[in-house]
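In: here is a sequence together with a model predicted from it:
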Amino acid sequence: MTASSENALKERQFKIVGTRPLRPDGIDKVTGRARFGADMTAPGMLIGKVLRSPHAHARIRGIDASKALALAGVKAVVTHADFSKVGADLDDVSCNVMARDKALYDGHAVAAVAAVSGAVAAKALRLIDVSYEILPHVTDVEAAMGADAPVLHEDMFTSGIRPKPDRASNVVHRHEFGHGDVAQGFEQADVVVERHFTTAATHQGYIEPHACLGSVGPDGQGELWCCTQGHFYVRNACAAMLGMDLSHLRVTASEIGGGFGGKTTVFIEPVALALSRKAGRPVKVVMSREEVFRASGPTSSTAMTVKIGATRDGRITAAEAELKFQGGAFAGSPVDLGAMTAFACYDLKNVKTVAYDVVANRPKQAAYRAPGAPMAAFAVEGVMDELAGKIGMDPIALRLKNAAEAGTQSSYGPKFGPIGFVETLVAAREHAHYSAPLGPHQGRGVASGFWFNFGGQTCVSLNLHADGSVALAVGTPDIGGSRASMGQMAAEELGIDYDKIHTIIADTSSLGYNDISEGSRVTFSTGLATIQAARDAITKLCGRAAQFWGIPEDAVVWEDGHARPAGANAGDFEPLSLAEIAATAAKTGGPIAGHCEISAEGAGVSFATHIVDAEVDPETGRAQILRYTVVQDAGKAIHPSYVEGQYQGGAVQGIGWALNEEYIYGDDGRLQNPSFLDYRIPVASDLPMIDTVIVEVPNPGHPYGVRGVGETSIVPPLAAVANAVSAAAGVRLTELPLSPPRVLEAIDGMAAEDEA
Amino acid sequence: MAPITVTTTINGEAVSYLCEGDETLLDVLRDRLGLTGAKEGCSTGDCGACSVVLDGRVVCSCLVLGAEAAGREIETIEGMADGETLHPLQEKFIEHAALQCGVCTPGILVAAQVLLARNPSPSEEEVRFGLAGNLCRCTGYDKIVRAVLDAADTMRDGQ
Amino acid sequence: MRYEAPENIETAVKLLAGETGNARVLAGGTDLLVQLRLGHVEPDLVVDIKRIAGLQAITAEDGGFRIGAAVSGAQLGEHDGVRALWPGVVEAVGLIGSTQVQGRASIGGNLCNASPAADAVPALVAAGAVATIAGPDGRREVAVENFATGPGRTVLAAAEIVESILLPARAPGSSDAYLRFIPRSEMDIAVVGAGISLTMAGSGKCSGARVALGAVAERVLLVEEAGEALTGTNLDDRALSRMGDAVAAACRPIDDKRGTKVFRTKVARVLAIRAAKIALERAGRA
């Protein structure tokens, strides 16, 4: 894209994009009518429940379900033997859905029951006799890497190291990213800061537990209703695990009560279908909150070392990080994404990151909003903060001095196109928050963050009705108001009122494959597809008008929702509105629809800078967030209210992660806090208002300049909060969460040191 | 054990149902009466998604037995709007984009309605503490608090 | 599970006495229903005491107040008389759970659940409250500090029910306060709780004080040494510090998911001193 077209994008005037229309699902959601995962029923429906391992690591010697099957009202029991063998891409997913020879974590599913009621199903679970041989377990990431750690998978040999290891271990792989010569870079540094950091595993904490209703008939046709971020993925995974044709399983996405990455895989959905197939009746499975914590997909716990060197005037000469993430019982922690994003904010000559993916006896991690990036940013931005202090430089000035810009070679490889990092830093520096006075025991923290944003497979269908209204069918579940933003983009492009567009999430049999709603891809990819589908429809509308007027198609243009002759030479005809053309479609060639099937390319990376003020009670170690400001580049905000909502929600999830949230395992390998009582997500009274600044540096890869906004907002807060609390406490804190006992210990430790 | 017959009032209408002794009011509302607006987020009283009004007080319906409801007055999210006319809180929630996924929304609206009935002019802090029993994971609460405060203004002006 | 909701205490006691299986009393249900749901208890009989006359009443008695066992936190918080006389007890009960829980959770239930971390109990112990227990052999009275014997264990015999709790009259210049420590601002179980009740004589000296601690032992503790450290003083820094030392010495907490031994002990001292200052300030107005 040329500079002039970039400017054109910046200066483009929109009619509907950038306004704040009411969301189409609003009334259903404020009146209780919206149907979420657990709200669906079917005639003859059974209730399914899952038996879960109480052991962190155990060999399953046998499962005897005869007593359960003998209980009145029990209609089916399934174990791993009831699922088909799947390909390598789904093998871990399948084994996570139902344990085979070993239970690999506290909560791992080992069997399931369908019965006429939840009470009968619960009773039946207690009658299933599982013979376990308890094995030694490991839950800590660094302990899992130890030479004497119990090995989860006898066939796991670390890849990415030479020579190839001759012993199985819990280290899945070692990957390295970067460029330049860090050793030489550190030699040029005047100041070097190196720190070790740890973060606890956290959970996405969506309020709606996983829920589904599955039905498989004797003809092998199946239907599934479930809350998911990606019903096409669910269909593929379930069909594979049940040995069904993809076309024989129709999956409908319910309203989704939060996901944040945690509903991008399958847990109970294949189980409900397998139970239904065996029982011959529809089966509903709803996880309890305890099951959600024990057996869905929390994020990794981590151990990280970061070292950054700089000259006295603040130029970074070298940066290095070693990241170790445990991703639960199977390969696939987001450590590579952590390593790739760690230094992405900066323009570095010498940078190296090393990533270790590790397995441990915990539930298989699932994506959590910018997977891997918040932890890496916590470590890197903590060292940046300390570095700024050591050289006596303002922390934003230090970041500005080293900020990545268009043309910078990123630490993970590619060169950046137009990006908005500097703009976020400048906006943060100029925000009134940054210069507001602080009281005693208060501290201010700043941190920045980066996320890629993704594109991916997308398919959209746009049907024009005879009355001029438009049905837009998309295949990406609406996880943050996307039905509103899609409607806005379609209305903008077609030149009609927003109210004329009705956007639905189509089921898997009504549209082609769509990737999951993840990676902040929906507004970008589905938006791009919506715009292209609208343009496809416009071409057809112009064709019908041309036919009507008897002029060539290319003599018709589309402006303000009307077909018009392209100029005086084209003829003198009254413009035809979309509604007028649609009304006569039956006579001019039949229904008019626009389509788009793409693998969306051109996603735009985004950056954010957060400012936070915290106060610490020096006698108890309790930290309170006093003020919070999010500055983030959206590219283009389609619906600013929902962009702000993403900024605020990400920031607050990050605050929870920083202050109180953590998976606590006992010595027995069992999760100690599988409830909202002791897994402490922020409540309303913990927080101030979350101020937002939307920076708009357009992404040239999208017709309106959209970047993703959903994930970048959770990248800086762990670091920003830790920097603020460290400043308030007067001691550098490097372990999350910043729970009061930990903060008080650090304060008292420092006081003891001072006395000595 | 024979199920218990319960007669009660829900959203102003007399209702009778059968339930088991250990069945919660939330189970009754959702599974027996088809009132699925109240959501089960935790079943331990920690999330507030199942909030309903019981004799004028907001409660977690997961912590009430169905049998206890006999002779009481229950109000749920389904009874909040007056036909096609939304309650000011409902309108303000949509207007302020105070919901994202919307699963906590019914419980928050019910709790906010009782909050404003008892305190028509709450401060921001009072709204935050009053709604501390309603978890929301999407919004960071900012727009929820603004919507409640704005609805309070509207409701006072309307009187 | 059988559900019964008798209208007088004698019937309730009879129902409990007649049950051969596992019987439980239901007041607000905010503990019992959670235990039911998690499968921690499977009662054959639940006796709901909320329909018993008097159990949801607050009545003035000899200058103090008798609180029915099923009185909810919300009801207590709305009672001006109790709020004026025993503000520390009211604030302690008011800290139990959310608004939703406040509408249900009862003062009697908080006592009978016998959690070492119960918020109401340290304040009641500091207040010198007395529980009236009804049972098959009639009624008896037990000082609240002697009620719990360990986590989830109490002095209640089979078929006994806590009927009411008496908050006694106060001398002029008396007040109380309760503070707890939680990581969040709401919705958590106390990591440490400290209740204090004191009387300041006309001389400006403390003529008596009771200090009670939650979540630092297997049950709520009355720390007599801490009260004694304040008695006869004007609550100057030295006296407060000595009181804090007595509090710290009495703590015998455990390490668990909510806090460490060291943390609980340190914070108990801090909270007791802060609560004493609040009680002193209130006593000046009382």
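Out: Looks like it arrived, so ask away.
In: residues of the stretch 51-200 of chain A that sit close to chain B?
Out: A:A119 (C-beta under 8 Å from any C-beta of the partner chain). C-beta here means a position set from N, CA and C on the backbone, and glycine is covered the same way.
In: can you pull out the helices in the stretch 51-200 of chain A?
Out: A:66-70, A:88-97, A:118-127, A:141-145, A:182-187 (DSSP state H, counting those that start in this stretch).
In: could you name the helices and strands sitting against the fourth one?
Out: Using 3 or more C-beta pairs under 8 Å, 6 or more residues apart in numbering or on different chains; DSSP states H and E as the contact criterion, the neighbours of helix A:141-145 among helices and strands are strand A:301-310, strand A:316-326, strand A:351-358.
In: please enumerate the helices of the stretch 51-200 of chain C.
Out: C:73-77, C:80-85, C:87-94, C:99-102, C:107-112, C:120-127.
In: how about chain B?
Out: B:25-27, B:88-95, B:105-118, B:124-130, B:142-157 (DSSP state H).
In: and whatever residue of the stretch 51-200 of chain C ends up closest to chain B, how far from C:G29?
Out: When scored by C-beta to the nearest C-beta, the stretch 51-200 of chain C has C:S98 as its residue closest to chain B, at 2.2 Å. According to C-beta to C-beta, to the nearest Å, C:S98 and C:G29 sit 14 Å apart.
In: try A:A149
Out: From A:A149 to C:G29 the distance is 45 Å (C-beta to C-beta).
In: looking at these two, which is more packed in?
Out: C:G29 (27 against 19; other C-beta atoms under 10 Å in any protein chain shown).
In: ok, the more buried one - contacts?
Out: B:63-65, B:68, C:104, C:109 (C-beta atoms under 8 Å, 6 or more residues apart in numbering or on different chains).
In: what do you get for A:G222?
Out: A:G222 touches A:214-216, A:238, A:242, A:244, A:248-250, A:273, A:276-277, counting by C-beta under 8 Å, 6+ apart.
In: if I look at it, how far off is A:I268?
Out: Look at A:G222 and A:I268: by C-beta to C-beta, they are 15 Å apart.
In: name the nearest residue to the most centrally placed residue in chain B, sequence neighbours excluded.
Out: In chain B, the centroid-proximal residue (C-alpha atoms, centre = their mean) is B:V110; its distance is 3.0 Å. Nearest non-adjacent residue to B:V110, counting by C-beta to C-beta, 6 or more residues apart in numbering or on different chains: B:S51, 4.5 Å away.
In: which stretches of the stretch 551-700 of chain A form strands?
Out: Taking DSSP state E, counting those that start in this stretch, the strands of the stretch 551-700 of chain A run over residues A:556-559, A:562-565, A:576-577, A:592-600, A:606-616, A:623-633, A:690-695.
In: what is the last one packed up against?
Out: When contacts are defined as 3+ C-beta pairs under 8 Å, 6+ apart, strand A:690-695 sits against helix A:421-430, strand A:623-633, helix A:640-659.
In: tell me the angle it makes with strand A:623-633.
Out: Counting by axes from the mean of the first three to the mean of the last three C-alpha atoms, to 10 degrees, strand A:690-695 lies at 20 degrees to strand A:623-633.
In: mind exporting strand A:690-695 as PDB, just the C-alpha atoms?
Out: Extracted in PDB, the C-alpha atoms of strand A:690-695 (Å, rounded to 0.1, in the frame of the first residue of the first chain):
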ATOM      1  CA  ILE A 690     -10.900   1.700  33.500                       C
ATOM      2  CA  ASP A 691     -10.100   4.700  31.300                       C
ATOM      3  CA  THR A 692      -9.500   4.000  27.600                       C
ATOM      4  CA  VAL A 693      -7.700   5.700  24.700                       C
ATOM      5  CA  ILE A 694      -8.400   4.300  21.200                       C
ATOM      6  CA  VAL A 695      -5.400   4.900  18.900                       C
END
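In: beyond it, next helix or strand please.
Out: helix A:717-729 (DSSP states H and E).
In: report the angle between that following helix and strand A:623-633.
Out: Going by the same axes, to 10 degrees, helix A:717-729 makes 140 degrees with strand A:623-633.
In: next helix or strand past helix A:717-729?
Out: helix A:740-755.
In: can you pull the buried residues of that following helix?
Out: By 16 or more other C-beta atoms under 10 Å in any protein chain shown, the buried positions in helix A:740-755 come out as A:740-748.
In: hang on, the earlier thing: just put the contacts of C:G29 in JSON lines and tack on pLDDT.
Out: Output for the contacts of C:G29, formatted as JSON lines (pLDDT from 0 to 100):
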{"residue": "B:L63", "pLDDT": "98"}
{"residue": "B:V64", "pLDDT": "98"}
{"residue": "B:L65", "pLDDT": "98"}
{"residue": "B:E68", "pLDDT": "97"}
{"residue": "C:R104", "pLDDT": "96"}
{"residue": "C:G109", "pLDDT": "97"}
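In: who wins for most neighbours among the residues you listed?
Out: Result: B:L63 is most packed of the contacts of C:G29 (other C-beta under 10 Å), 30 neighbours.
In: any idea how far chain A is from that residue?
Out: Applying C-beta to the nearest C-beta, to the nearest Å, the value for B:L63 to chain A is 13 Å.
In: now that residue: how far from B:R57?
Out: Using C-beta to C-beta, we find B:L63 at a distance of 12 Å from B:R57.
In: quick check: neighbours shared by the two?
Out: Common neighbours of B:L63 and B:R57 (C-beta under 8 Å, 6+ apart) are C:R104.
In: OK, contacts around A:H80?
Out: A:95, A:98-100.
In: in this structure A:G645 contacts B:A97, no?
Out: Yes. Between A:G645 and B:A97 there is a contact at 5.6 Å, judged by C-beta atoms under 8 Å.
In: between these two, who's got more neighbours?
Out: Ranked by neighbour count (other C-beta under 10 Å), A:G645 and B:A97 place A:G645 first, with 28 against 25.
In: list the contacts for the more buried one?
Out: For A:G645, the contacting residues are A:480-481, B:97, B:100, B:138-140, B:143, by C-beta under 8 Å, 6+ apart.
In: near chain A, which residues of the stretch 151-286 of chain C? Just list them.
Out: By C-beta under 8 Å from any C-beta, the residues of the stretch 151-286 of chain C that approach chain A are C:181, C:183-189, C:191, C:257-260, C:262-263, C:266-267, C:270.
In: in PyMOL, select just the buried ones from those.
Out: To isolate the buried subset of those in PyMOL, counting by 16+ other C-beta under 10 Å, use the following:
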select buried, chain C and resi 181+183+184+185+186+187+188+189+191+258+259+260+263+266+267+270
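In: in strands only, show me the residues of the stretch 151-286 of chain C next to chain A.
Out: Per DSSP state E, strands hold the following members of those: C:F181.
In: low-confidence ranges, chain C, go.
Out: Within chain C, no stretch falls below the threshold (pLDDT under 70).
In: which residue is nearest the centroid of it?
Out: C:V121 (1.9 Å).
In: name the nearest residue to it, sequence neighbours excluded.
Out: In space, C:V121 comes closest to C:V220 once its chain neighbours are excluded; the distance is 4.4 Å by C-beta to C-beta, 6+ apart.
In: right, and the one you found touches C:P122 too?
Out: Yes. C:V220 lies in contact with C:P122 (C-beta under 8 Å); the separation is 5.3 Å.
In: biggest helix in the chain, by residue count?
Out: Assuming you mean chain A. Chain A, longest helix under DSSP H: helix A:527-549.
In: I was after chain C.
Out: Under DSSP H, chain C gives helix C:261-285 as its longest helix.
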